[in-house]
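A.B. asks: whatever this is, show me its structure:
(chains A and B)
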Amino acid sequence: MEKVICRIKRYDGVKEWYQEYDLPYEKGKTILWALTKIREELDPTLTFSSGCRHAICGSCAVRVNGNAFLACKTSLDHLLSTFETHRLTFEPLNNFKVIRDLVVDWKPKFEKMKEVKPWLIPSKDGDKSNGFRQSAKDFHKISSPTDCILCGVCASECNQLSLNQDEYLDPFILNKAYRFAVDSRDAAPEEHIRPILENGLWKCFHCMQCVSKCPKEIDLASENAYLRQATMNMGERANKGARHAYAFVEDVKNKGRLNEVTLPLKTEGFINTMSRIPFAFRLIKKGKINPFHLPKAVEGIQEVRKIYEFAQGEKES
Amino acid sequence: MLSFDIVIVGAGGAGMMAALAASEGNDLKVAVLSKIYPTRSHTGAAQGGINAALGNRDSSDTVEKHFRDTVKGSDFLADQDAVEFFTSNMPNIINELDYYGVPFSRDENGRVAQRPFGGASSPRTCYSADKTGHVILHTLYEQCLKNNVKFFDEWFLLSLAVEDGKLDGLVAMDIRSGEIYPIQAKSVVIATGGFGRIYWNRTTNAINMTGDGTAACFDVGIPLKDPEFVQFHPTGLASTGILLSEACRGEGGYLLNKDGERFMARYAPEKMELAPRDLVSRAIETEIKEGRGFGEGIGAYVLMDLRHLGEKKILKRLPQVRELALDFEGVDLIKEPVPIRPSCHYMMGGIHVTDYKTCRTPIEGIHAAGECSCISIHGANRLGGNSVADVVLFGKFAGLGARETAKQRSFGSGRKVRKEADKWIKTFEYMRKKPKGNNLITIRNKMAETMWNNVGIFRTEKEMVEALETINQLLEDYKDAYIGDSSVRYNMAFINYVEIGNLLKLAKAVTIGAIHRKESRGSHSRGDYPKRDDKNYLKHTLIYNNGDHYTLDYLPVKITKYQPEERKY
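C.D. replies: I've put the predicted structure just below:
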């Protein structure tokens, strides 16, 4: 390969266009190298942001061929071999407002982040002149979530956010809430968790894009699971998400499998389920569900229930 | 006209601590300007830690020892009254940060963990794995959000306005809209960080570390103090200059030359790799110079070997370091040693601060803290772990100082700041429309190359005089520069233009300071004057900007307790 064609989405505040730049191929270079080279040698009007160049400031995230990356730490070689092409399309992060070219607006995101009270609500165990004691184990709980550099890659990849900018909080905001909810020094985990519940906690699609794309490998999916459990422990069970989770747990405990006919009833309640009858008929017609199928307990259901007992014991001990 | 009681410029560790302190009580109108978003600030890049004599790891450690180590590390150029104030307040600051929510690594008793660092006689560097600066920066931002601090993100400081020797205000551009505003203020805190970018790519600094606040202060008559003292971090990645934390050496990493020798035995037989940064940097460059490095020219390097620490320890204590070496040098340091070479890291010098308790400068209304300032606690060489400490502690006191100033002063006339803003509006208009001229990138690269080769780790008169000529020429070329972007909105080419102008001014001051300091001290190492000369140079350099012509003055060093002695490790 002799050259790399960089096709960049441009925006000047009024119009949008794509512009192509040819760069000579050099082994071992990064996306940021390419963008910098274009700006310095080909086109001083190309606008993007970058800071530390070593994956700690979070400034330089962009999309390449539809996927979000941190420009400074992603090698072109990796992209060229992944996409098996020498033509790369650069675009600003998804789910952000664009200011110019590849630069996006973070201000509304930080405003949104305030919802979860992203600061320590200190417990009475500490004070300003002595700090806290915290075990190494408890530090470990907040170690990974505090790796977050607020680069926005997770938000760009989030499919729920693409549908629902106003009623869903960005994955990094969930991470922020989680980070304080599990901090042994925090006095009020619920104050961080409740806003998440009120902003579509259960709407996550489990598409796992945030997890697989996070440049810091933060396990946002497990954090989300924790937050959901925490809301149920807080007594927040009168919502679709919690009811759905309980229906799963009960069905599997009783029969070792799901009952897809009763699941919507348990999740959405009678009235909402009735409104879905036309949809259910279409499913029946296509043979997707069988309303007369009442599953029997699976063979070995006793073993399944033992697992439940065991898990219950673990939780209580 | 926009007006605030206090304006803080820069939202790194120092700026945000200043904001927290200044906005206490909510009785004053405070604004923070940052040319980026606060969490992008360079404080976040600090990996290794923050020094405070807590005695958690070594109960024999004391504030006194921290004081002595810092003075000795500074090669006796630090002001000892300031150092004493600094070291005795640091334990409190750590507790305060803990209370704010900084996720510190912990010891077996649940106390803040501490590790050994270069130049320290006890393990006193508090840390959070190897992301200490990052978590402190984010925690301070969180606290600012909690306190509803007013942030102007992506606002760029163009200049300060001073009338009758007192602050009138400042001029800043809202980068997104391209609008230029005069802003009135009773006091400002300049906290804009260092200017390692005078060496452009041979630095560990972020791309935007261009000394904007330092240059703005310099332009209104505040002298630069000790600009010749430039710290080179011994362990930059060989190919990019990106920093590998001192924690590598703190955790026991070896430095090896091409003969497989732990060469530090020759330079600091007792401290070995844990000698201070200036010593280790020179040792590495000497090895390379004498042919015991790998490779040649600008690409030459030595190795840092961590393999003997074992996978478990590396993954636990240095996970980010390992990732950096993997991503940016292609080396897994669990399996192989990593190529390293010194890289410009930190500016000991900066805005002349005249009172460490309030961080005020000679101009009424202007305060400064953090790397942009020179208080001076680092003297001729800063110890690892003292910089994040410096930013949070003096950031706080600068905020308190600015608060006092704002309470005592009333607003200036606003005439000067309006005039200054009009000047910038015309400059922006002119530069946007200017159709041709000198290439800015060429100017910038020439500056960096000259500074690295002639005013770098080893210095001599002849080379530095040449450098000064080159920089003067580049300043001339700069007057006819061309930016190549005519847009009003988010015009980064214009921002870069102003930044490069700032760097050139500061590079010139570094060079002049270095030429006139005819001795070797701390990071300033001269081949033609290899010895420290206390008789003539136990004093701070002050450089004033009188237009094209810079003038030089000196200031005595404050010595309270420790008489200068030869610095041995």
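A.B. asks: in contact with residue 11, which residues are there?
C.D. replies: Defaulting to chain A. For residue A:11, the contact set (Cβ atoms under 8 Å, 6 or more residues apart in numbering or on different chains) comprises A:92, A:98, A:100, A:101. For the C-beta atoms, the positions are set from N, CA and C on the backbone; glycine is no exception.
A.B. asks: sorry, I should have been clearer: chain B.
C.D. replies: B:19, B:32, B:33, B:34, B:37, B:38, B:41, B:141, B:151, B:153, B:191.
A.B. asks: ditto for residue B:103
C.D. replies: A:139, A:142, A:143, A:146, A:183, B:128, B:135, B:139.
A.B. asks: try it again at 7 Å.
C.D. replies: Counting by Cβ atoms under 7 Å, 6 or more residues apart in numbering or on different chains, residue B:103 makes contact with A:139, A:142, A:143, A:146, B:128, B:135.
A.B. asks: out of the residues you listed, which one sits closest to residue B:24?
C.D. replies: Of all the contacts of residue B:103, residue B:135 has the smallest distance to residue B:24: 23.0 Å, by Cβ to Cβ.
A.B. asks: excluding its backbone neighbours, what's nearest that closest one?
C.D. replies: Closest residue to residue B:135 apart from its sequence neighbours, by Cβ to Cβ, 6 or more residues apart in numbering or on different chains: residue B:128 at 4.7 Å.
A.B. asks: export the contacts of residue B:11 to JSON lines and tack on distance to chain A and neighbour count?
C.D. replies: Shown next, in JSON lines, are these (distance: Cβ to the nearest Cβ, whole Å; neighbours: other Cβ atoms under 10 Å in any protein chain shown):
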{"residue": "B:19", "distance to chain A": "14", "neighbour count": "31"}
{"residue": "B:32", "distance to chain A": "13", "neighbour count": "27"}
{"residue": "B:33", "distance to chain A": "14", "neighbour count": "27"}
{"residue": "B:34", "distance to chain A": "12", "neighbour count": "25"}
{"residue": "B:37", "distance to chain A": "5", "neighbour count": "22"}
{"residue": "B:38", "distance to chain A": "9", "neighbour count": "26"}
{"residue": "B:41", "distance to chain A": "8", "neighbour count": "32"}
{"residue": "B:141", "distance to chain A": "9", "neighbour count": "26"}
{"residue": "B:151", "distance to chain A": "8", "neighbour count": "23"}
{"residue": "B:153", "distance to chain A": "6", "neighbour count": "21"}
{"residue": "B:191", "distance to chain A": "16", "neighbour count": "36"}
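A.B. asks: which ones among the residues you listed lie within helices?
C.D. replies: B:19, B:141 (DSSP state H).
A.B. asks: quick revisit: and the furthest pair within the contacts of residue B:103?
C.D. replies: A:139 and B:135 (10.9 Å).
A.B. asks: the two: which is more packed in?
C.D. replies: residue B:135 (24 against 21; other Cβ atoms under 10 Å in any protein chain shown).
A.B. asks: pretty sure that one is touching residue B:126, no?
C.D. replies: No. Contact criterion Cβ atoms under 7 Å: residue B:135 and residue B:126 do not qualify, at 11.2 Å.
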